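Participant: okay, predicted coordinates and the sequence, questions at the end:
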Amino acid sequence: MNRDRLEGKWKQFSGRLRERWGRLTNDPLSTVAGKCDQVTGRIQESHGIYKEEGTHRLREFLQRNRNWDSSGR
């Protein structure tokens, strides 16, 4: 798990807490801010997943083609 995914999960968690605190204190601004934090966290987490997948695919490509000679072009 890379740092982007971890930060995204943390942002979602803290957003849920902030939203619940807003409901408990009857503060609509805190509730909305918590929901915004959750959405931001989801985006950041998905970015981390894509980043990990891209790195993984690059490593696989380099493993498969490690004997390829580019000097013959």
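Facilitator: Cool, got the structure.
Participant: helix or strand: which one has the residue nearest to the spatial centre of the chain?
Facilitator: Residue closest to the average C-alpha location in the chain (CA atoms, centre = their mean): residue 45, at 1.5 Å. Following DSSP states H and E, one finds residue 45 within helix 28-64.
Participant: now residue 20
Facilitator: If you go by DSSP H and E, residue 20 is part of helix 3-25.
Participant: got a list of what residue 38 touches?
Facilitator: 11, 12, 15, 16, 19 (CB atoms under 8 Å, 6 or more residues apart in numbering). C-beta: built from backbone N, CA, C; applies to glycine.
Participant: now it: how far from residue 12?
Facilitator: Using CB to CB, to the nearest Å, residue 38 is found at 5 Å from residue 12.
Participant: ok, residue 27 next?
Facilitator: 20 Å.
Participant: noted, bye for now.
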